[in-house]
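> Using only what follows, build the 3D model:
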Amino acid sequence: MSLLWLPILATEGLKPTGSEDPSLHIIFLLAVTIGLPYFMLSTTGPLVQAWFARAQPSPEAAQKAYRLFALSNLGSLLALVSYPFGIERVLAVPEQAWVWSIGFFLFVVTMLALAWHIARQSPGPLVGDGDNTNGSGPTIATPLVASPSPLTEHVAPAVSTLIFWFALSALASALLLSASSHISQNIASVPFLWVLPLSLYLLSFVVAFEGRAGKGFYLRDSMMLPSMAAAGIMAWGLTAQDGILDIDIAVPLYSVGLFLICLFCHGELAQSKPPTRYLTRFYLLIALGGAAGGGFVSLLAPRLFSGYWEMPLSLLLIGLLGIWVGLRQRAPVLRGVLALGGFAAAVAVGHFSVLYWDDYQDRSIYAGRNFYGPLRVQEVARSDDMPYRRLVHGVILHGLQYRDPEMQRLATTYYSPNSGVGRALHVLHSRKTVHVGVVGLGVGTLVGYARPEDRYRIYEINPLVIEVARDYFSYLDQAKQQTTMVLGDARLRLEQERDQGFDLLAIDAFSSDAIPVHLLTREAMAVYVRHLAPNGVLAIHITNRYLALAPVVKQLADELGYGSALIAHEPSDTEPWSTARSEWVLVTRDIAFLNTPEIADHRVAIQARPELRVWTDDFHNLFEVLK
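Sure thing, here's the model as predicted:
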């Protein structure tokens, strides 16, 4: 039946409208495109291990089935690393989908053949999880270090053991996602950085379950205490240097810490695994725990918390779990040492979490969060008596505004008069009244350029940004009559609207280093130019620490027969301190506009990259434009 889902391509009818709940739509989209194939693949590991165990002559030999779990995760790790650095660089999305679908078809055929082979060798149910007493047999606690024997083969795991499996898996999953978010948003938005924590998570499974009979290389006596120490140090990192550690310290700290804690969780899972008779129950609890931890961080936390509180909460629970594991040891000395280590971790995490909470509240006059992440508004006083307010999303600055009423309309950061968009507006203002479109609101800085006769139409995907810009900044309020706000994904909204005839359309969604690629493709450019006036200007903000996007934009412009100019501005000592370095590419058919001194005298040559393929919705490759 899963073959009916092939090929795994989303149809045009599944395209979102642009304003619905993203998390629910993503779950729906995944369900109808890869639902049953994904379910089949996710159950393969336990199924094959159960078949393997049934084919073995003794319980001791059957225990080797658990080593297949290490092999499974090693395969996942290799696939993870190969995709962004290999497959995505060669194949377009439809080609990937067809290759994957062919591979999945072969998988189904192979599994059916294996099922037939096992059924002929081993009469009876192919999968059995339970005892022969139909639930009436004895149930005792499974020891934390389980060793299969004829005496324990028919003893079902106790409820406490089932909860233990669930908790270990849930905490490792929750910490993976919360640490990944913290690293990529609060430390550095480096492309492909998300691969590192996920790779370490998978590697911890490999280390925990590899070894003879799947016992793994985890040794509680020597490896548990370092994981408890890692929990405390990771909590400390939330408060050090105003909560933002240097990337050279933070990435190794959180990466090593994540690996040690995941190794603790997965190592304890490996050492408490049951006889293979209950193997499928064991993996079911691991899967449920992983889903619960991921669901909590991805779906519940953005609705419950204003910041990344799921990370200190996960670390605190790790410490409490360490106490429980320690108290379960038989040797008095080891029991005391391990329990004390868990207690120390819990106390340290609790202490630093309180400091993190106090610091978070003190430095923010507003904190909010939704699907798109946390936002904070900070009031900053300066010694030069020029206080200002700024909007931040992790380490990304989304704009700032002076508090002095006489300076509140000044364009700051990436939008100063000497920036690419500032120069473009200056030229257009000298000609006529302008109709301006803006993709990405920020705090509304560009609206500061609005004259009474101008019109501004702003597209913003995040409703929380609109709320914050209106309540805590005055740019929108000062140009209320000239401004129209459109909520939703800008590209989808522009596709649905009639031609707007913009004199300037500013695409300002690339200042974060995790760029929305769908706004920088051939299909997206076709939408933009449809909305431009005959001599309109498309201004694309490409300021980025890690990606060189100017050649990508130039290729797209050349393909359309448009001219392009890169304006790269480095602030001078004579400019206000609030001016930031910026790069804008101006795209237009109006050659006279590009030849005006305001533009021509400040343009920078764009380095040709003939080896680059034009970005489309089906093919784009960030790896090739890394600086």
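> Asp457 looks like it's in a strand, true?
Slight slip there: residue 457 is Arg, not Asp. Yes. Arg457: assigned to a strand according to DSSP: H, G, I helix; E, B strand; the rest coil.
> Please list all residues in contact with it.
With contact set as CB atoms under 8 Å, 6 or more residues apart in numbering, Arg457 has these partners: His435, Val436, Gly437, Val438, Thr483, Thr484, Val486, Gln500, Phe502. Using the backbone N, CA and C atoms, a C-beta is placed for each residue, glycine as well.
> do the same with Ser255
Contacts of Ser255 by CB under 8 Å, 6+ apart are Ile183, Leu196, Pro197, Leu200.
> now with 6 Å?
Leu196 (CB atoms under 6 Å, 6 or more residues apart in numbering).
> Can you flag the buried ones in the contacts of Arg457?
Listed as buried from the contacts of Arg457 are His435, Val436, Gly437, Val438, Thr483, Val486, Gln500, Phe502; burial here means 16 or more other CB atoms under 10 Å.
> Could you measure from the first one over to Thr483?
Computed with CB to CB, to the nearest Å, the distance linking His435 and Thr483 is 12 Å.
> ok, back up a step: I'd like to know which of the buried ones among the contacts of Arg457 are part of strands.
The strands, defined by DSSP state E, take in His435, Val436, Gly437, Val438, Thr483, Val486, Phe502 from those.
> isn't the fourth one right next to Ile458, touching?
Put plainly, it is Val438. Yes. Counting by CB atoms under 6 Å, Ile458 is a contact partner of Val438 at 4.6 Å.
> which one of the contacts of Arg457 is nearest Tyr66?
Val486 (54.3 Å; CB to CB).
> Give the bridge partners for that closest one, please.
Tyr459 (DSSP bridges).
> Distance-wise, check it relative to Glu460.
For Val486, the distance to Glu460 - CB to CB - is 7 Å.
> show me where the stretch 501-627 of the chain has strands.
Using DSSP state E, counting those that start in this stretch, the strands of the stretch 501-627 of the chain run over 502-507, 532-541, 563-569, 582-588, 603-604.
> who does the first one touch, helix- and strand-wise?
Put plainly, it is strand 502-507. strand 435-439, strand 532-541 (3 or more CB pairs under 6 Å, 6 or more residues apart in numbering; DSSP states H and E).
> Ok, which of the ones you listed comes nearest Gln49?
For Gln49, the closest of these is strand 435-439, at 49.7 Å, according to CB to CB.
> Could you list the paired strands of that closest one along with their orientation?
According to DSSP bridges, strand 435-439 forms sheet pairs with strand 455-460 (parallel), strand 502-507 (parallel).
> Distance to Phe166 and mean pLDDT for those - can I get that in a markdown table?
Putting these into a markdown table (distance: least, CB to CB, whole Å; pLDDT from 0 to 100) gives the following:
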| stretch | distance to Phe166 | mean pLDDT |
| --- | --- | --- |
| strand 455-460 | 40 | 95 |
| strand 502-507 | 46 | 96 |
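> and those, which is most packed in?
strand 502-507 (a mean of 26; mean count of other CB atoms under 10 Å).
> Could you export that strand as PDB, CA atoms only?
Extracted as PDB, the C-alpha positions of strand 502-507 are listed here (Å, rounded to 0.1, in the frame of the first residue of the first chain):
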ATOM      1  CA  PHE A 502       5.700  48.900  -7.700                       C
ATOM      2  CA  ASP A 503       8.300  51.600  -8.400                       C
ATOM      3  CA  LEU A 504      10.500  49.800  -5.900                       C
ATOM      4  CA  LEU A 505      10.100  46.300  -4.500                       C
ATOM      5  CA  ALA A 506      12.500  45.600  -1.600                       C
ATOM      6  CA  ILE A 507      13.200  42.000  -0.800                       C
END
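> Can you give the distance of that strand from its chain's centre?
Average the C-alpha atoms of strand 502-507, do the same for its chain, and the two points are 29 Å apart (CA atoms, centre = their mean, to the nearest Å).
> Now tell me what touches that strand from outside.
Strand 502-507 has contacts (CB under 6 Å, 6+ apart) with 421, 428, 434-439, 528, 531-533, 536-540.
> cool, and stretch 563-579?
Outside stretch 563-579, the residues that touch it by CB under 6 Å, 6+ apart are 412, 416, 418-420, 550, 554, 557, 581-587, 591, 594, 599, 602-604, 606.
> Show me how the protein divides into domains.
1-42+101-125, 45-90+173-363, 412-625 (automatic domain parsing).
> quick one: which of these is nearest Gly394?
It's domain 45-90+173-363; of the domains of the chain, that one is closest to Gly394 (CB to CB) at 3.5 Å.
> Can you give the distance of the closest one from its chain's centre?
On CA atoms, centre = their mean, the centre of domain 45-90+173-363 falls 17 Å from that of its chain.
> Need the mean per-residue confidence for that domain.
For domain 45-90+173-363, mean pLDDT is 89.
> give me the number of residues near the closest residue to Leu30 other than its chain neighbours?
Distances taken as CB to CB, 6 or more residues apart in numbering put Tyr38 closest to Leu30, at 7.4 Å, once the chain neighbours are dropped. Here the count is done by other CB atoms under 10 Å, and Tyr38 has 15 residues near it.
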